[in-house]
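Enquirer: Quick one: sequence and predicted model below, then my questions.
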Amino acid sequence: MSAVIRLEEALMSIKSDNRHLYLQVIDRLKQDIQKGVYKEKEKLPSEFDLAKQLGVSRATLREALRILEEENVVIRRHGVGTFVNSRPLFTSGIEQLNSVTYMIEQVGMKPGTVFLDSTLIGPTEEDIRRFNCSPEEEIHVIERVRTADGEPVVYCIDKFPHQIFPELFSYEKESIFQMLEEGSDRKIAYAVAQIEPIGFHEKVSPILECEPETALLVLKQMHFDEMDTPILYSVNYFKADKFSFHVFRKRI
């Protein structure tokens, strides 16, 4: 389809729509991205050219692009241009307690693990509070990078009391849930989670090979066993262009 035909179709659809122009522009750009007119990570035409193609003012276009950026559909790089954002590969309901391994396998990709560090440390004040342990008890700290088909996608820090798993820790399993459950009599039943978005992280972003503008989703979880005992604390840094989390909310 030629650019002239696309321009004519865009102008016809916008002129026949009675909604605010910026809403029409948003829908039009989303449709073009979905149809593959603009592909992932592709740079959009300049504001001048795109506004001209759509038959709207640059102010209207800027408002549409601002909202599309808030929705993570596009990303604007200052002084460079506007690019189509990558669609998340992995999506999960945050009310579902799934391991990273499971999420990767669900989309037909191969999970992998790069172990960066494993150590036993004395508990911090936070650890004592979280695990209700004594200052003399030691804490396992494991630092890993999870991969999907070899690409780094999640940076993980996992902590659990040494008394839960006193034997030498086995790294043969991809899922720490599975390692803990097979190496002890404890089964993870539920978790209390906190999620927050952050920008570029000095340590984590380079490890995950993030672009400077790629955001991260930080998921902090305290896991409990069937006796309501806290047994695992995890901090996972997800690449926001690869993962999407949603929540099911019901009115009561």
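Expert: Good, I have the coordinates.
Enquirer: Could you measure from V145 over to F243?
Expert: Taking Cβ to Cβ, to the nearest Å as the measure, V145 and F243 are separated by 14 Å. All C-beta atoms are positioned from the backbone trio N, CA, C, and that covers glycine.
Enquirer: Phi first, then psi, for E71.
Expert: Reported as degrees, to the nearest 10, the phi and psi values for E71 are phi -90, psi 0.
Enquirer: buried residues in the helix or strand hosting C156?
Expert: Here C156 is covered by strand 151-161, with elements defined by DSSP states H and E. Within strand 151-161, the residues that count as buried by 16 or more other Cβ atoms under 10 Å are P152, V153, V154, Y155, C156, I157, D158, K159, F160, P161.
Enquirer: Over to stretch 126-137?
Expert: By neighbour count with 16+ other Cβ under 10 Å, stretch 126-137 contains the buried residues D127, R130, F131, C133.
Enquirer: Pull up the distance across that stretch, start to finish.
Expert: Across stretch 126-137, the straight-line distance between its terminal residues is 13 Å, by Cα to Cα, to the nearest Å.
Enquirer: what does that stretch contact?
Expert: When contacts are taken as Cβ atoms under 8 Å, 6 or more residues apart in numbering, the neighbours of stretch 126-137 outside the stretch itself are G122, P123, I139, K159, F160, P161, H162, Q163, M222, P230, I231, Y233.
Enquirer: Mark which of those are buried, thanks.
Expert: Neighbour-count burial within these applies to P123, I139, K159, F160, P161, M222, P230, I231, Y233; the criterion is 16+ other Cβ under 10 Å.
Enquirer: same for the biggest helix by length in the chain, what does it pack against?
Expert: Of all the segments assigned as helix in the chain under DSSP state H, the longest by residue count is helix 21-35. Packed against helix 21-35 by the contact rule (3 or more Cβ pairs under 8 Å, 6 or more residues apart in numbering; DSSP states H and E) you find helix 3-15, helix 58-70.
Enquirer: quick one on the thing from earlier: farthest-apart pair in the buried residues of stretch 126-137, please.
Expert: The widest separation within the buried residues of stretch 126-137, taken as Cβ to Cβ, falls between R130 and C133 and amounts to 8.4 Å.
Enquirer: Report all helices and strands that the strand holding C156 contacts.
Expert: Helices and strands in packing contact with strand 151-161 are listed as helix 100-106, helix 125-131, strand 139-148, helix 176-183, helix 204-207, strand 230-239; criterion 3+ Cβ pairs under 8 Å, 6+ apart.
Enquirer: Output the shortest one as PDB - backbone C-alpha positions only.
Expert: Think helix 204-207. This file holds the C-alpha atoms of helix 204-207, laid out as PDB (Å, rounded to 0.1, in the frame of the first residue of the first chain):
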ATOM      1  CA  VAL A 204      20.800  -3.700  37.000                       C
ATOM      2  CA  SER A 205      20.200  -2.000  33.600                       C
ATOM      3  CA  PRO A 206      23.600  -2.800  32.100                       C
ATOM      4  CA  ILE A 207      23.300  -6.400  33.400                       C
END
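Enquirer: what sits up against that helix?
Expert: Here helix 204-207 makes contact (Cβ under 8 Å, 6+ apart) with L116, V145, P152, Y155, C210, P212, T214, L216, Y237.
Enquirer: separation between the fifth one and Y155?
Expert: Here the criterion is Cβ to Cβ. By it, C210 lies 10 Å from Y155.
Enquirer: Run through the stretch 101-250 of the chain and note the low-pLDDT ranges.
Expert: Residues of the stretch 101-250 of the chain that meet the criterion pLDDT under 70 lie in 166-174, 246-250.
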